[in-house]
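Colleague: Model the following, please.
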Amino acid sequence: MPPVPSPSPSPLHPVSVIGIGADGWSGLSGTAREALRGAEVLIGGARQLDLLPPECAGVRVGWPSPLRPAVPRLLAEHGERRIAVLASGDPMFYGIGRALVEELGPQGLRVLPHPSSVSYACARLGWPVEDTEVVTLVGRPAARLAASLYEGRRLLVLSADATTPATVAALLTDHGFGPSRLRVLEQLGGESEEHVDGIAQAWAHEPGDPLNVIAIECRASAEALRLGTVPGLPDEAYEHDGQLTKRHIRAATLGALAPAPGELLWDVGGGSGSIAIEWLRAHPSCRAVSVERDPVRAERITRNAERLGVPGLRVVTGPAPLSLAELPAPDAVFIGGGLTAPGLLDACWEALRPGGRLVANTVTLESEALLAERHKAYGGELVRLAVAHAVPVGGFTGWRQAMPVTQWSVTKPQTSEVSSHMGDRT
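Modeller: Numbering: from 1, shown residues only. Sure, this is the predicted structure:
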């Protein structure tokens, strides 16, 4: 899991974190108003600060850009004064509340949430909140929306600005979801609330208010490639030059790697990036690094990741094991190529966290012998995966056998009783 920062020393008074909506001062509770009146320092975005009346007499401080690095500095500068921080809607839902908790811990805050834009949107649409997936594009690439596109799915997209609806409409059309219905809900909860309706492939609306949420009812075109939620996407979902772990082997490999939320994968010998990409699609918090020595293939991995909705895949271009030295310790390692490279297996094993999984696939006799030796020494599971496809044989049908794949999977012991490295066996 990603490391959790240690809380900074707390200011003299607990920091009030006030959620505010488009309805401004009139929409706040008495408790929230009292906290804002009593604050000596008011921190927030320009739009939020402008919603406050003159009776909130504290010094007004706008967030600089980039925001996150400025948080500890501003808290330290005003630590002896009563601070109130303004946030849009619910501060703990994709808001500043997370950064403040990381700095001060929950005991250093007093959070007073307002209904979020998601709650408002679901209320307007009649959508149950628990059945509605939320994707934020605030400070994030639009490509990540692609991982959430499924026929009949209802999505709410938190927009970055007024241009986001057109960007989303273009992305939907490009991914075969042009028939999807879009509704842009602007200034939710405010006097200027407005809704704009349309179909993605025919979207022609001019940019409106930057404060908007996009509701999507996903509809796939007849030509859209159907992608499932489990490993084993169709091979045609990937751009590749033949270096692709094929669909059935890929599904078995991801099963052995067993991705879990927050875990980090090293995909060594990335090829087309399929293993790392489907690891990332398993859960939004999964992380992955794909290591590929060929620059052309490395660029292709990046394109595949963006196309399949996981633009956060980190691609490292260079040979292994040399390129592994500076990477964070993985929870799982997949080796899809280069097994006979001196020191590669040792480097991966030594870097792997206790309890982590290592999976290696090969089709060559030389690498198979190496995996058999390691299996004998360190256990795990050694299997041979064979897949045959039915193909025409004259006027009949027969089986065409693909090259069998030998797979070794092993879990690194949690105890120190077993050696933490593989020794000079390469």
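
Colleague: When you work out contacts or count neighbours from here on, use the C-alpha atoms and nothing else.
Modeller: Will do.

Colleague: Quick one: the helices in this structure, in order.
Modeller: For the chain, the helices defined by DSSP state H cover 30-38, 46-49, 70-77, 97-104, 117-125, 164-174, 247-257, 274-282, 295-307, 344-351, 365-378.

Colleague: Low-confidence stretches in the protein?
Modeller: Counting by pLDDT under 70, the ranges of the chain that qualify are 1-10, 416-426.

Colleague: And the most centrally placed residue in it, how far from T167?
Modeller: The centroid of the chain falls nearest to P284 when counting by CA atoms, centre = their mean (4.0 Å). Look at P284 and T167: by CA to CA, to the nearest Å, they are 21 Å apart.

Colleague: The residue nearest to the centre of the chain and S274, how far apart?
Modeller: Between P284 and S274 the computed distance is 16 Å (CA to CA).

Colleague: got it, and A200?
Modeller: Separation of A200 from S274 (CA to CA): 29 Å.

Colleague: Those two: who's more crowded?
Modeller: Taking other CA atoms under 10 Å, A200 and S274 do not tie; S274 has more neighbours (30 against 27).

Colleague: so that one sits right up against T245, yeah?
Modeller: Yes - in this structure S274 lies within contact range of T245 using CA atoms under 8 Å: 6.9 Å.

Colleague: out of the helices of the chain, deepest packed?
Modeller: helix 274-282 (a mean of 26; mean count of other CA atoms under 10 Å).

Colleague: Output the contacting helices and strands for that helix.
Modeller: Here helix 274-282 is seen to pack against helix 247-257, strand 264-268, strand 287-292, helix 295-307 when contacts are counted using 3 or more CA pairs under 8 Å, 6 or more residues apart in numbering; DSSP states H and E.

Colleague: Can you give the distance from the second one to the centre of its chain?
Modeller: Looking back up the chat, that one is strand 264-268. Relative to its chain's centre, strand 264-268 lies at 15 Å (CA atoms, centre = their mean, to the nearest Å).

Colleague: Identify the residues contacting it?
Modeller: Residues outside strand 264-268 that contact it (CA atoms under 8 Å, 6 or more residues apart in numbering): 1, 273, 275-276, 279, 286-292, 320, 329-337.

Colleague: swap the cut-off to 6 Å and go again
Modeller: A276, R287, A288, V289, S290, V291, P330, D331, A332, V333, F334, I335 (CA atoms under 6 Å, 6 or more residues apart in numbering).

Colleague: repeat for the first one
Modeller: The contact list for helix 247-257 (CA under 6 Å, 6+ apart) reads P231, G232, D235.

Colleague: Tell me, how many residues neighbour the second one?
Modeller: Going back to what we said before, that points to G232. 22.

Colleague: pretty sure A360 contacts W408?
Modeller: Yes - with contact defined as CA atoms under 6 Å, A360 counts as touching W408 (5.4 Å).

Colleague: Quick check: P404 vs L112, distance?
Modeller: Distance, P404 to L112, using CA to CA: 60 Å.

Colleague: With neighbour numbers in mind, choose between these two.
Modeller: L112 (21 against 15).

Colleague: need the contact list for that one.
Modeller: L112 is in contact with I18, counting by CA under 6 Å, 6+ apart.

Colleague: try S148
Modeller: Neighbours of S148 in contact, by CA under 6 Å, 6+ apart: none.

Colleague: again with E40
Modeller: If you count contacts by CA under 6 Å, 6+ apart, then E40 has G58, R82 around it.

Colleague: quick one: it from I83, how far?
Modeller: In terms of CA to CA, E40 sits 6 Å off from I83.

Colleague: re earlier: with respect to L145, which of the contacts of strand 264-268 is nearest?
Modeller: Nearest to L145 among these: R287, at 16.7 Å, using CA to CA.

Colleague: picking up where we left off before, any chance of the helices of the chain in TSV, plus distance to Y150?
Modeller: Formatted as TSV, these follow (distance: least, CA to CA, whole Å):
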stretch	distance to Y150
helix 30-38	40
helix 46-49	35
helix 70-77	38
helix 97-104	30
helix 117-125	19
helix 164-174	11
helix 247-257	20
helix 274-282	13
helix 295-307	15
helix 344-351	36
helix 365-378	39
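
Colleague: Any idea which of those helices gets closest to H195?
Modeller: Distance to H195, taken as CA to CA, is lowest for helix 117-125 among these, at 9.9 Å.

Colleague: I'd like the distance from that closest one to the chain centre, please.
Modeller: 24 Å.

Colleague: what do you get for stretch 232-251?
Modeller: 21 Å.

Colleague: Name the residues of that stretch that are buried.
Modeller: 232-233, 238-240, 243-251 (16 or more other CA atoms under 10 Å).

Colleague: got the CA positions of it in PDB?
Modeller: Output in PDB follows, covering the C-alpha atoms of stretch 232-251 (Å, rounded to 0.1, in the frame of the first residue of the first chain):
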ATOM      1  CA  GLY A 232      -8.400 -11.900 -20.400                       C
ATOM      2  CA  LEU A 233      -9.400  -9.000 -22.600                       C
ATOM      3  CA  PRO A 234      -9.700  -9.800 -26.300                       C
ATOM      4  CA  ASP A 235      -6.300  -9.800 -28.000                       C
ATOM      5  CA  GLU A 236      -7.600  -7.300 -30.500                       C
ATOM      6  CA  ALA A 237      -8.000  -4.800 -27.700                       C
ATOM      7  CA  TYR A 238      -4.200  -4.300 -27.900                       C
ATOM      8  CA  GLU A 239      -1.900  -2.700 -30.400                       C
ATOM      9  CA  HIS A 240       1.100  -5.100 -30.600                       C
ATOM     10  CA  ASP A 241       3.800  -6.500 -32.900                       C
ATOM     11  CA  GLY A 242       3.300 -10.200 -31.800                       C
ATOM     12  CA  GLN A 243       4.800  -9.600 -28.300                       C
ATOM     13  CA  LEU A 244       1.600 -10.200 -26.500                       C
ATOM     14  CA  THR A 245       0.600 -12.600 -23.700                       C
ATOM     15  CA  LYS A 246      -2.400 -14.200 -25.400                       C
ATOM     16  CA  ARG A 247      -5.800 -13.900 -23.900                       C
ATOM     17  CA  HIS A 248      -6.200 -17.300 -22.200                       C
ATOM     18  CA  ILE A 249      -2.600 -17.400 -20.900                       C
ATOM     19  CA  ARG A 250      -3.000 -13.800 -19.700                       C
ATOM     20  CA  ALA A 251      -6.100 -14.700 -17.700                       C
END
